[in-house]
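J.: Have a look at this prediction, sequence included:
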Amino acid sequence: MRIAVVFRDPPPQSERAGAARLRRLAAALDDRGHEVRIYCLPWWETSGRRIDIDGLEHEGVTFEHPALYYSRLPGLLVRYGPDLVVASADPPGAVLSAWLGARLARVPLFVDWYGDEPDVSGSEWVGPASSLPTRVVTPSEHQRTRVREYGASEANTTVVPGGIDFPTITATDPGERVDVAFAARLDDDSNLEDLLLALAELREAGEWTATVVGDGPERAAFETQARDLRLDDRIEFVGDCPREERIAVYRGAHTFVQTARRQTFARELLWALACGCVGVVEFQSDSSAHELVERRDRGMRVTDPDALDGAISESWTFGFRDVDTTFQGFDHAAVTGQYVELFREAGVGAR
């Protein structure tokens, strides 16, 4: 199968989680034997329009003014003759160009709309970009609702969750045992203060310990708050860590607490749950994290920050695990399989 991926700013030009997700999907489809070509704005210094980057063919749509990307893209798609077009939602104008190219080529258009695309909501093209594609794929019901507010329908939207590398979990040894783990970029949206206040209420509840993974502009303030609450001997701030070190922390932790105010998809929570943690999620109106613990025995949701300490204490009554095989369905290979099934439903002979 020949697949065109419309991706104006792919990695390494974009470091968004949504960009990494679409790049991973393109690579996974290429690994399955499909012919994949990414249509982007070129940033390489070679004279050729096409270049292989980490095993994927990239074609620069224009080396001239970036605005020409939108007008030249449809013709290039038709010339390529794809069986399917997959597009990033960033920017919405490129989705319309991809839609025109797909329509002229008489093939389906799928749009991966992660939710971290910059300035999407302010675009004049956001309505048709959400309503015209054959299918809009989001990582959570929370983001699906947002896309429907832009103009998409229930029929042309679906959820395919973010993925994890489950074999890496089982291949990584658990770290030192701790009672609570937390991971996020340490900014105001991380809302770590709610966890610190909850742990302060549990100061007399045994000799518990906690690990905070992540760095950011509010780290020093959070460390100061931990000292002021007399928790600095219980909580270790380990900074940003590579994936294997995060897995080791999660496999050694009993409970993972999620308090972030904004999360299109709670990736670290998913990794922690797969590593056996009991998940405690503080519900936030602009976060999808609660979706990962709903209807799960080893997960709980709280709507009141004052109830967070009680939920953490209750989570410690669950048995300890350092892996949870029920999350194998979130492995990257399984997630790619969900995309392939959607392609088949649209009449594309995918494998």
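T.: In hand now; what should we look at?
J.: Now do the contacts for L41.
T.: By C-beta atoms under 8 Å, 6 or more residues apart in numbering, L41 lies in contact with R8, D9, Q13, G60, V61, T62, P66, Y69. Every C-beta, even on glycine, is put in place using the N, C-alpha and C of the backbone.
J.: Which helix or which strand is home to the last one?
T.: Meaning Y69. Element membership for Y69 (DSSP states H and E) is helix 68-80.
J.: to the chain's geometric centre, what's the distance from that helix?
T.: Chain-centre distance of helix 68-80: 29 Å, with C-alpha atoms, centre = their mean, to the nearest Å.
J.: and for the following helix or strand past it, what are the contacting residues?
T.: Counting by DSSP H and E, the next helix or strand C-terminal to helix 68-80 is strand 84-88. Contacts of strand 84-88 with the rest of the structure, by C-beta under 8 Å, 6+ apart, involve 1-8, 10, 18-19, 22, 25-26, 77, 94-95, 98, 101-102, 105, 107-112, 117, 133, 343, 346, 348, 350.
J.: ok, now stretch 222-240?
T.: 186, 192-193, 196-197, 199-200, 203, 208-215, 219, 245, 249.
J.: Name the residues of it that are buried.
T.: F222, E223, Q225, A226, L229, L231, R234, I235, E236, F237, V238 (16 or more other C-beta atoms under 10 Å).
J.: Low-confidence stretches in the stretch 201-350 of the chain?
T.: Scanning the stretch 201-350 of the chain with the threshold set as pLDDT under 70 gives 350.
J.: which residues in it form helices?
T.: Remark: helices assigned in the stretch 201-350 of the chain by DSSP state H, counting those that start in this stretch are 219-228, 243-252, 267-274, 308-315, 332-345.
J.: For G33, find the nearest of those.
T.: When the helices of the stretch 201-350 of the chain are compared by C-beta to C-beta, helix 332-345 sits nearest G33, at 11.9 Å.
J.: now the contacts of L41: which count as buried?
T.: R8, D9, G60, V61, T62, Y69.
J.: For the contacts of L41, work out which two are farthest apart.
T.: Comparing every pair within the contacts of L41 by C-beta to C-beta identifies Q13 and T62 as the most remote, at 14.7 Å.
J.: quick check: domain ranges of the protein?
T.: Domain segmentation of the chain under automatic domain parsing yields 2-162+332-345, 166-329.
J.: Now do the last one: distance from first to last residue.
T.: Spelled out, it's domain 166-329. 9 Å (C-alpha to C-alpha, to the nearest Å).
J.: Can you verify my assumption that N156 contacts V137?
T.: No - assessed by C-beta atoms under 8 Å, N156 is found out of contact with V137, at 10.1 Å.
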